[in-house]
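> the following comprises the amino acid sequence and a computationally predicted model.
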Amino acid sequence: MGKAAFPAIQAAPCFATSFPHIFQNPTTKKIPVIPCLIPCAIDQDPYFRMTRDAAPRLGYAKPALIFSTFLPALQGAGTKMSASDVNSCIYLSDTPAQIKKKINKHAFSGGQETIELHREKGGNCDIDTSFQFLRFFEESDEVLEDIHQKYSSGQMLSGEIKALAVAAVQKVIAEMQERRKAVTDEMVQEFAKVRPLDFTF
């Protein structure tokens, strides 16, 4: 029964009428007019596609979607980070030393078995976790393309691309940790406080 009900549970937040404590007047006459924008990952796509098909028949506006992408787990592309496996993910609380150790020891490499073979054939950026991290955290497309070319051609070794990934992830985590220190309990309460939104139609 839970499986049968789950799509409807996923669909419910797509409609303003699910939040009467926030949206004081979510409908005009019989037509709900507040549309919904959903940030989601691809694993939730079927539920919201279903909702888009059903919404007009129910008299609701179709929700719109923004798709996000998962960071791969350290074990490689096609996997997700899991908080239950400390060696699959980078925590926001990890120290620079922990980040370096995790990436150097556990990040799946797209490199070859030996340096000689790697110089000859190059690495596979599509499956290399360090390169996938750089896709998220390296802001310059030119720098990323240069890394891709050098690693794919064998000019850059796995250890070198891991060092770049370590530096990039350490920088991002350090910035998040600094911002997190500035957050107070009062700020969290203010942010989480339910407040009615007064829409004019």
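Noted; the coordinates are in hand.
> alpha carbons only for contacts and neighbour counts from here, please
Fine.
> just the helices in this protein please.
All helices of the chain, identified by DSSP state H, fall at 2-11, 45-58, 96-106, 115-121, 129-137, 141-153, 158-181, 185-192.
> name the stretch among those that sits most buried.
Mean neighbour count (mean count of other CA atoms under 10 Å) peaks for helix 129-137 among those, with a mean of 21.
> next, the angle helix 96-106 makes with that helix.
Helix 129-137 and helix 96-106 are oriented at 130 degrees to each other (axes from the mean of the first three to the mean of the last three CA atoms, to 10 degrees).
> against which helices or strands is helix 129-137 packed?
Where contact means 3 or more CA pairs under 8 Å, 6 or more residues apart in numbering; DSSP states H and E, helix 129-137 is packed against strand 72-73, strand 76-80, helix 141-153, helix 158-181.
> looking at these, spot the one closest to Leu58.
With CA to CA as the criterion, Leu58 lies closest to strand 76-80 of the helices and strands packed on helix 129-137, at 35.3 Å.
> chain center to that closest one, what's the gap?
Strand 76-80 has its C-alpha centroid displaced from the chain centroid by 12 Å (CA atoms, centre = their mean, to the nearest Å).
> phi, psi for the spatially most central residue of the chain please.
The C-alpha lying nearest the average C-alpha coordinate of the chain belongs to Phe70 (CA atoms, centre = their mean; 4.2 Å). For Phe70, the backbone dihedrals (degrees, to the nearest 10) come out as phi -70, psi 140.
> returning to what we had before: rank the helices and strands packed on helix 129-137 by pLDDT, which is bottom?
Per-stretch mean pLDDT for these is lowest at strand 76-80 (a mean of 73).
> angle of that one against helix 96-106?
Interaxial angle, strand 76-80 versus helix 96-106 (the same axes, to 10 degrees): 120 degrees.
> now do strand 76-80: which elements does it pack against?
Contacts defined by 3+ CA pairs under 8 Å, 6+ apart place strand 76-80 against strand 72-73, helix 129-137.
> buried ones in it?
76-77 (16 or more other CA atoms under 10 Å).
> if we can go back for a sec, so which of the helices and strands packed on strand 76-80 comes closest to Val86?
It is, among the helices and strands packed on strand 76-80 and with distance given as CA to CA, strand 72-73, at 10.4 Å.
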